[in-house]
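# Pasted the sequence and its predicted model underneath.
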Amino acid sequence: DSDLGSPAVSSDDLAKMLEKAVAEGDNENSDGPVGTSDIVVAEAIDEHAAAAEKGAAQTVGGPASLIKAEDKETGEVKTSTYRAYGEAMGGMALCSVLVVCMTTPQVMAIMCNYWLALWSRKSAEEQTRPYYTNTYVILVVATVAASLTRAIFFFKRAIVASERMHNLMLRSVLRAKITFFDSNPIGRILNRFAKDTTLVDDMLPFTMYDFVQCALMVLGACIVVAAGAPYIFIALVPLVMYFGALRRYFLNTSREVKRIEALSRSPVFSHLSETLDGLCTIRALNRKQIFLDMHKDLVNENCRAFFC
């Protein structure tokens, strides 16, 4: 069975037809016209492919299929998801240390700006004193060192988290029951170990680091500006409310599109794996174009959500 829909002809019936075609084909002239059995098998495959394109509402393979529909979350990302990633990074205690490491360089950058402003308000004679120059150089070097330490520490913990999550998923799959593999197509499992693991390995750490860094920079700039002009909060409050509403509007759409894109990727892996397994039969019955069209439809469905 395919995870694309409920086939009108089961895989067992299809296998029996193929065996019958081979048995009858041995008695026919290979150079002669196509036999009746070949036509029956070809029609059965066409019917199987047409039924697969329809899909199923609840169960991927229809009411009689073992394949279950892939789960899809709705709404905002749960707090338990963030907590699980934090535990994979090393626990809440280590995450608290990571928060301190992420905040320290931004605080030191604010101190550099404050010291530079204090230095510029001195007289021309006092500005030439080595005290101000040496202190500013020390603050800059400490800020750079803290930033490097922050980046190294964060990405090391992100690698540890990715490795732990991958090993946990691999252990769960290896210890799963046979019914798990009967109800989940191979493409769905490959999707988890391929694209989803790649996102956790490559994209998630950089996205999180950039988000935290930009958030701290914006917060630090607001604090510095508010310290010199407290009335800026009058204009800051409506801006925060506006961008908060804009963020919620964007995430509600972007999050669901990403989920649809992830779900539509599994049938691509499944169809490719099934096609490679039955490649000899497909070529023998000259049904390459049918499977090629099916693959194009699945890829187009996935690309619609990807480029949305």
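Nice, thanks for sending it over.

# what comes into contact with stretch 226-242?
With contacts defined as C-beta atoms under 8 Å, 6 or more residues apart in numbering, stretch 226-242 is touched by C222, V225. Backbone N, C-alpha and C define where each C-beta goes, glycine included.

# what about it, average pLDDT?
Mean per-residue pLDDT for stretch 226-242: 83.

# Over to stretch 202-209?
For stretch 202-209, the mean pLDDT works out to 90.

# Hmm, A161 and D201 touching each other?
No. Contact criterion C-beta atoms under 8 Å: D201 and A161 do not qualify, at 9.9 Å.

# Compare these two (neighbour count), which wins?
Ranked by neighbour count (other C-beta atoms under 10 Å), D201 and A161 place A161 first, with 21 against 16.

# Identify the residues contacting the more buried one.
Counting by C-beta under 8 Å, 6+ apart, A161 has contacts Y85, A88, M89, G90, V200.

# do that again at 7 Å, thanks
Y85, A88, M89 (C-beta atoms under 7 Å, 6 or more residues apart in numbering).

# And for K72?
For K72, the contacting residues are R259, L263, by C-beta under 7 Å, 6+ apart.

# How confident is the prediction for the closest residue to E256 other than its chain neighbours, by pLDDT?
Spatial nearest neighbour of E256, excluding adjacent residues (C-beta to C-beta, 6 or more residues apart in numbering): T74 at 7.7 Å. Looking at T74, its pLDDT stands at 76.

# same thing with C303?
87.

# Please apply the same query to V212.
With respect to pLDDT, V212 scores 90.

# so after the helix or strand hosting it, what's the next helix or strand?
Using DSSP states H and E, the element containing V212 is helix 204-228. Remark: after helix 204-228, the chain's next helix or strand is helix 232-263, criterion DSSP H and E.

# next helix or strand past that next one?
Once the chain leaves helix 232-263, the next helix or strand it forms, by DSSP H and E, is helix 266-277.

# what does that next one contact?
The contact list for helix 266-277, computed with C-beta under 7 Å, 6+ apart, reads 2-4, 70, 185-188, 190-191, 282, 291, 294-295, 298-299, 302.

# filter those to the buried ones?
Buried by 16 or more other C-beta atoms under 10 Å: 2-4, 70, 185-188, 190-191, 282, 291, 294, 298-299, 302, out of the contacts of helix 266-277.

# What residues does R259 make contact with?
Residues in contact with R259, defined by C-beta under 7 Å, 6+ apart, are K72, E73.

# And it, how far from Q289?
Distance, R259 to Q289, using C-beta to C-beta, to the nearest Å: 32 Å.

# buried set for stretch 82-97?
Y85, G86, A88, M89, G90, C95.

# Any idea how far apart the tips of that stretch sit?
Start and end residues of stretch 82-97 are separated by 17 Å (C-alpha to C-alpha, to the nearest Å).

# what do you get for stretch 225-239?
With C-alpha to C-alpha, one end of stretch 225-239 sits 15 Å from the other.

# Please determine how far the residue lying farthest from the centre of the chain is located from T79.
Residue farthest from the centre of the chain, counting by C-alpha atoms, centre = their mean, is E125 at 59.0 Å. Counting by C-beta to C-beta, the gap from E125 to T79 is 58 Å.

# in what helix or strand does the residue nearest to E256 lie?
Going by DSSP H and E, T74 is not in any helix or strand.

# Got the phi and psi for it?
As for T74, its main-chain torsions (degrees, to the nearest 10) stand at phi -130, psi 150.

# give me the number of residues near it?
Residues lying near T74 (other C-beta under 10 Å) number 7.

# Look up how far M217 lies from it.
To M217, T74 is 33 Å away according to C-beta to C-beta.

# same deal with I110?
For I110, the distance to M217 - C-beta to C-beta - is 10 Å.

# cool, T133 as well?
From T133 to M217 the distance is 26 Å (C-beta to C-beta).
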